[in-house]
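Engineer: okay, predicted coordinates and the sequence, questions at the end:
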Amino acid sequence: MPSNTALIQEITDKVLEQIDFGNITPIVLIDGRSNSGKSTFAKSLQESLFKQGESLPRVIHMDDLYPGWEGLSLGADYLNRFILEPLTKKQTASWQQWDWAQNQRGAWMEFSGGTPLIIEGCGALGDRASSVAFFRIWLEAKEPVRQARWLEREGNLDKFEMWAAQELDFYAREKSASLADLVIATDN
């Protein structure tokens, strides 16, 4: 399998080709279990697209959509209803980011298209989202690697099992990995 750098370049080329063909807002979904490398991959793709394209792609993090620690499925639904559905109708997407400190919806955000859109996070790749996306990516990492990354990020494993159970439920129902155009192992 090519390196992540080569994969980023391959995806960048495909997205920029879509823009050349008139799809001014190609949507790229990046999903996988917690701490599989989605945010890092999305940032690398955004930087590559910005460097080679004409505008900075928008990145939406699913962490900004979940209504708290028990909200993976609700966050995926929020993505579809408030971001993807309006964009497919050529309307402005308007949503509230989740304020984790206040444990409530916070700042309003908008996106009208005109540049690539990268959506990354657990629950980004479901059946409804998949149908409107240009490119779908699934990242995989072994549980010990993901757990170590979680511990480094959160400082404890208090919510790991609860979140993992939500992932298992969502991914069993949505068959997210099987919807992907590309599956990448990130722990080797």
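Structural biologist: In hand now; what should we look at?

Engineer: so how far does stretch 109-121 reach from one end to the other?
Structural biologist: 18 Å (Cα to Cα, to the nearest Å).

Engineer: just give me the neighbour total for the residue nearest to G121 when sequence neighbours are not counted.
Structural biologist: Among residues not flanking G121 along the chain, M62 sits closest, at 2.4 Å (Cβ to Cβ, 6 or more residues apart in numbering). For every residue, glycine as well, the C-beta is placed using N, CA and C. The tally of other residues near M62 (other Cβ atoms under 10 Å) stands at 24.

Engineer: and M62, its phi and psi?
Structural biologist: Backbone geometry at M62, expressed as degrees, to the nearest 10, gives phi -60, psi -30.

Engineer: show me what contacts it?
Structural biologist: Listed by Cβ atoms under 8 Å, 6 or more residues apart in numbering, the contact partners of M62 are 75-76, 79, 119-124.

Engineer: filter these down to the ones in strands?
Structural biologist: 119-120 (DSSP state E).

Engineer: redo the contacts of M62 as JSON lines? Include pLDDT and distance to G113.
Structural biologist: Shown next, in JSON lines, are these (pLDDT from 0 to 100; distance: Cβ to Cβ, whole Å):
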{"residue": "G75", "pLDDT": "98", "distance to G113": "21"}
{"residue": "A76", "pLDDT": "98", "distance to G113": "21"}
{"residue": "L79", "pLDDT": "98", "distance to G113": "15"}
{"residue": "I119", "pLDDT": "98", "distance to G113": "13"}
{"residue": "E120", "pLDDT": "98", "distance to G113": "18"}
{"residue": "G121", "pLDDT": "98", "distance to G113": "20"}
{"residue": "C122", "pLDDT": "98", "distance to G113": "24"}
{"residue": "G123", "pLDDT": "98", "distance to G113": "22"}
{"residue": "A124", "pLDDT": "98", "distance to G113": "18"}
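
Engineer: closest to K51 among the contacts of M62?
Structural biologist: Closest to K51 out of the contacts of M62 is E120 (18.5 Å), distances taken as Cβ to Cβ.

Engineer: and the gap between the closest one and G22?
Structural biologist: 25 Å (Cβ to Cβ, to the nearest Å).

Engineer: neighbour count for the two, which is higher?
Structural biologist: E120 (27 against 6).

Engineer: would you confirm that that one contacts S36?
Structural biologist: No - the pair formed by E120 and S36 falls short of the contact definition of Cβ atoms under 8 Å, at 10.4 Å.

Engineer: so where is the protein shaky, pLDDT-wise?
Structural biologist: Scanning the chain for pLDDT under 70 picks out 1-3, 188.

Engineer: remind me, longest helix of it?
Structural biologist: helix 4-20 (DSSP state H).

Engineer: residues in contact with that one: which ones?
Structural biologist: Residues from elsewhere that reach helix 4-20 (Cβ under 8 Å, 6+ apart): 2, 26, 28, 41, 44-45, 48-49, 52-53, 116, 134-135, 137, 182, 184, 186.
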